[in-house]
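[1] I'd like to go over a predicted model; first the sequence, then the structure.
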Amino acid sequence: MLRVTPTQPAPRATRRLYAPYCIFLLILLAAAPLSGDPVPAWEAVARHLPGDALALLGPAGKSPDHENRFLHAVATLDNPPLTEAKLTDVAAQLTDLARGDDEIADAAAYLTGRLYQVHFPTPDPVRAAHAYEQLAARHPQSYWAQLGLVKLGVLQLYVLAESATPAARIAVAESLLPRLTVPELRRDLHIVIGRAKLFHGRPLPEVLEQLVAADRIGGLAGVPRADLQVQIAELSLRAGDWPQADVYYRRFLDENEVDARAYQVKQKLAVIAPHLAARQDAP
């Protein structure tokens, strides 16, 4: 079964909105022109040149500008080697920046959660979850808060409350869905929950409910979209939902004629055809 990796498209740049890029961060940070000074450093980060960005910025502690301090933290995270001492220093910088009340503060709070979730040699999922929850409580409609809820869902499904049953884990993650108002992030959590249901051996109709909901929201393109189509088709085939399998296999073929999987998909359609014909002939 093909895995579907959720993607997080960056929001549009409006006012002072940024979309940070660093290792394990899923979106590129490209600055809108503000004071002028940070722009070359942002461009260096966008070109995967964090060392150049840090050289342009100078020591983080000497800049009173919180934008520069945030950029310094982002560039540091993308500039190996990442020692535990360096990560601890970045965490302190981000925690301080997160005390603000603007877009940079929200992004810093989100990155704090990511630091504890995946960057430290020994992750601290409880601390990461706390960072995401605090951000969502302060600014629930912030893009960064909503992105954090998706990450929180992953933690709830696989890491936190290890004694909980799979059903309990899934229920907690599903309770986050109504809080997501950014369509592509709600889509991503549907995919995460669907994959978790498959992992935990839940009935296929429950898995498909989540994946089809994600597909209806839309917004995926290229390989992630093709993977989702094939995954829905394959699981529908296993579940005996011939019409749905037929629809998703055909969508895949219409959009991916040169994909290496096209031949196999055509073989699956040949298997499905008699079942669809039998349904039509049934009284």
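    Structure received. Numbers count the residues shown, from 1 in each chain.

[2] average model confidence for the strand or helix carrying residue 230?
    Element membership for residue 230, per DSSP states H and E: helix 222-239. Mean per-residue pLDDT for helix 222-239: 97.

[3] just the CA coordinates of the helix or strand just after that helix, formatted as CSV?
    Downstream of helix 222-239, the next assigned helix or strand under DSSP H and E is helix 242-255. C-alpha atoms of helix 242-255 as CSV (Å, rounded to 0.1, in the frame of the first residue of the first chain):
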residue,chain,number,x,y,z
TRP,A,242,-16.2,-1.6,-6.6
PRO,A,243,-17.8,1.7,-7.8
GLN,A,244,-15.5,3.8,-5.6
ALA,A,245,-12.4,1.8,-6.6
ASP,A,246,-13.3,2.3,-10.2
VAL,A,247,-13.8,6.1,-9.8
TYR,A,248,-10.5,6.6,-8.1
TYR,A,249,-8.5,4.3,-10.4
ARG,A,250,-9.9,6.2,-13.4
ARG,A,251,-9.1,9.6,-11.9
PHE,A,252,-5.5,8.4,-11.4
LEU,A,253,-5.2,7.2,-15.0
ASP,A,254,-6.7,10.4,-16.4
GLU,A,255,-4.1,12.5,-14.6
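
[4] which elements pack onto the next helix-or-strand element following helix 242-255?
    Sequence order places helix 262-281 as the next helix or strand after helix 242-255, per DSSP H and E. Where contact means 3 or more Cβ pairs under 8 Å, 6 or more residues apart in numbering; DSSP states H and E, helix 262-281 is packed against helix 222-239, helix 242-255. Heads up, the C-betas are built off the backbone N, CA and C, glycines and all.

[5] relative orientation of the last one and helix 222-239 in degrees?
    Orientation note: helix 242-255 sits at an angle of 160 degrees relative to helix 222-239 (axes from the mean of the first three to the mean of the last three Cα atoms, to 10 degrees).

[6] could you pull out the helices in the stretch 101-250 of the chain for me?
    103-114, 125-138, 143-158, 166-174, 183-199, 204-217, 222-239, 242-255 (DSSP state H, counting those that start in this stretch).
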